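1. Here you go, sequence then predicted model.
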2 protein chains.
Amino acid sequence: MSSTEVKLSRLLILAQKFNNFYLTGFHKGDIRPFLVEGQQVGLIKSDVLKQLVKYPEVFCIRDCEQTKQGLVELNPAFRDYNERTEQLEKVLRNLRSEELFPALQGWRDEYFEVKSDHRALLKMERAATPLFGVRKYGVDINGYVRHPTQGLCIWLQQRSNTKETWPGKWDNMVGGGLSVGFGIKETAIKEAAEEASIPSDLVKNLVSAGCVSFFFESRQGLFPNTEYVFDLELPLDFVPHNADGEVQAFELLPAKECVERVFTPDFKTTSAPVVIDFLIRHGHITADDDFTQIVELLHVPLQSLYIYKTRLEQIQKQQKQQQQQQEKLPNDESNCNCGSLPIKPLENGHKKAA
Amino acid sequence: MSSTEVKLSRLLILAQKFNNFYLTGFHKGDIRPFLVEGQQVGLIKSDVLKQLVKYPEVFCIRDCEQTKQGLVELNPAFRDYNERTEQLEKVLRNLRSEELFPALQGWRDEYFEVKSDHRALLKMERAATPLFGVRKYGVDINGYVRHPTQGLCIWLQQRSNTKETWPGKWDNMVGGGLSVGFGIKETAIKEAAEEASIPSDLVKNLVSAGCVSFFFESRQGLFPNTEYVFDLELPLDFVPHNADGEVQAFELLPAKECVERVFTPDFKTTSAPVVIDFLIRHGHITADDDFTQIVELLHVPLQSLYIYKTRLEQIQKQQKQQQQQQEKLPNDESNCNCGSLPIKPLENGHKKAA
């Protein structure tokens, strides 16, 4: 186990890599909340903003008077889910034809449903979500074997060379995005069958094991991702094989070699958090100095980055309280001449006429 | 498993409770970094600050010119570990005799070593650490049994009524703070023997399973805690018994009942994160809407709250770069009369004489 310890600083560098936006992107200050129906559903960078400005009938770009924040709002006049979806899609198809964003060249004709508080607000072409910094959710299965001589071994897949994203890279045994109408465990079971032909008598051993969250940025845009993680212990003699053409190979690696594979440029950066989390939970990356930092970087607080509405409500509440307090102030200045001047509390708690 | 799902909102409320300082304390703005030898080792609230002001020979309370932040610095003139320890202890003994802080009434004559980047800076009475918002590290062992009829069952301990903190409350089977000179796994093994008499042939099955981080505040002060978590599967017939007088009872509870116990006021609030993390990792609290928020609140980014020095270095680097840039600026104003005026870049990128 001590041989894994020397790799902790490499692990930290990797954890910083898949959180490159979380760690540095915010400080550049060129990012605005994206609102639909008053709910923050995304974050938009200035390169995308520059293009959205050209569609004032679809996007209202304004400063919030109360939070003093620059905002991008989908036109609140759109009546419903369908109108919002159609209006947004028109813009996306335009931007795609202009070939301005590499993300849109990977158009999939597959929808991602944008929700807030369980309410579906619109659906958006999956390839476009990184441009709007929409939070994405996926499932991943750590397929593993307790080998009599090699100890804990992990199945990895090599993605097909024809995949739109990360072609040819090594990846977790099974993984996929949550799609409209599918539950979390349901998605895991579906993907296990399609990607690795895992039969139902094995998939019934699937154990929900938490989730990882990170915020990555690439040329495609922003990836504020949460992956629901499942562990699946497999029998020694089971060999996964692909059924949907999205995988070109599977390989079973002892834990130590698996760590090494994750560090190579042949491994999909945004799948590394799932493997690292698995190896930590199973005692193969053990507690030491940098360990706590790595665990924190496997669970970055994405929820705190999408709280425009909460912040607005807080400010409104404070303003209301201040107003009420002013109305309630006892008129203890009535016996002096300055009673009509506005009262301002001072730092030391005393009041003084402004 | 669906019966656990209805409890998700209760879980979120609990996760917010043990993160009451992380979620709301920072916004009040009455908190200052505590520096020792230029390293941030803590956070100090204004109630404590008010007392520290009385010891100007020990604490320098000043504003940082560069970060514009209010700071509390242990007198940098103190020569070494021992002098820093003694000087601080004198103040703490004074504050204790004045009975100003409930935390100091629980004085233990036990030291906590304050470190930064592996370097030991001083040691501080353990009871005082919440006043200085020093990050604390502990170990916890989830002792569990796979029961043939009741499924996953968890051993809990009830703390002795004579303990200084959380007397009589239910807690994880084994837990303890990291002390000077003891390693992480070493502490876990030591505590397993002292608190629950776990013999070495069982403790060898200890599995490192990650860590949880949270930021709690109570009347005692601040608790920015990280707990290293170990899982230990125990045989059905093993019953823990206490050896050091710190535990008054042990109880084996099925996972479902364990969740219920954690919600009662009889459970130690700051031990709840470890149980919740265990139940999530073992598939007993399963993925659903609020699940991701809870997982994020089990791993709050404490490291980002103790980065005064990093911030300072960033600012200094930026200033140096700006200076170098100014020195390198081509003298394209030489053919006009304002060439000697200081140059200030404008928002649109153009330059203009100030």
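-> Yep, it's here. Residues are numbered from 1 along each chain as shown, chains lettered A, B, ... in the order given.
2. Quick one: residues in contact with the helix ranked longest in chain A.
-> Ranked by number of residues, the top helix in chain A under DSSP state H is helix A:308-328. Contacting residues not belonging to helix A:308-328 are listed as A:33, A:35, A:38, A:39, A:40, A:64, A:66, A:67, A:69, A:71 [CB atoms under 8 Å, 6 or more residues apart in numbering or on different chains]. All C-beta spots, glycine's among them, are computed from the backbone N, C-alpha and C.
3. near chain B, which residues of the stretch 51-200 of chain A show up?
-> A:118, A:137, A:184, A:185 (CB under 8 Å from any CB of the partner chain).
4. could you redo the last one with a cut-off of 6 Å?
-> Proximity of the stretch 51-200 of chain A to chain B, by CB under 6 Å from any CB of the partner chain, involves residues residue A:184.
5. The stretch 51-200 of chain A: strands as residue ranges?
-> With DSSP state E, counting those that start in this stretch as the criterion, the stretch 51-200 of chain A has strands at A:59-63, A:70-74, A:111-116, A:119-125, A:136-147, A:151-159, A:170-172, A:174-177.
6. okay, the ones you listed, which one's buried deepest?
-> Neighbour counts (mean count of other CB atoms under 10 Å in any protein chain shown) averaged over each of the strands of the stretch 51-200 of chain A peak at strand A:170-172, with a mean of 23.
7. I'd like the average pLDDT over stretch A:291-308.
-> Mean pLDDT, computed over stretch A:291-308, is 90.
8. and the longest helix of chain A with strand A:70-74, angle?
-> Orientation of helix A:308-328 against strand A:70-74 (axes from the mean of the first three to the mean of the last three CA atoms, to 10 degrees) gives an angle of 120 degrees.
9. can you pull the buried residues of helix A:308-328?
-> Within helix A:308-328, the residues that qualify as buried are A:308, A:309, A:312, counting by 16 or more other CB atoms under 10 Å in any protein chain shown.
10. how much space between residue A:213 and chain B?
-> 6 Å (CB to the nearest CB, to the nearest Å).
11. Mind checking the strands of the stretch 51-200 of chain A for the one nearest to residue B:281?
-> strand A:136-147 (12.0 Å; CB to CB).
12. Need the residues that contact that closest one.
-> A:153-155, A:172-175, A:177-178, A:187-188, A:192, A:225-234, A:236, A:274, A:278 (CB atoms under 6 Å, 6 or more residues apart in numbering or on different chains).
13. and residue A:304, backbone torsions?
-> phi -80, psi -10 (degrees, to the nearest 10).
14. what number of residues lie near whatever residue of chain A ends up closest to chain B?
-> In chain A, the residue that lies nearest chain B is residue A:299 (3.6 Å; CB to the nearest CB). Neighbourhood size, residue A:299 [other CB atoms under 10 Å in any protein chain shown]: 26.
15. and what of residue A:265?
-> 6.
16. Could you give the secondary structure assignment for it?
-> coil (DSSP: H, G, I helix; E, B strand; the rest coil).
17. and it, what pLDDT?
-> 96.
18. Next: the one 5 residues further on.
-> What the model reports for residue A:270 is a pLDDT of 97.
19. Please name the nearest non-neighbouring residue to it.
-> Closest residue to residue A:270 apart from its sequence neighbours, by CB to CB, 6 or more residues apart in numbering or on different chains: residue A:216 at 5.5 Å.
20. thought that neighbour was touching residue A:18?
-> Yes: with contact defined as CB atoms under 6 Å, residue A:216 reaches residue A:18; the gap is 4.9 Å.
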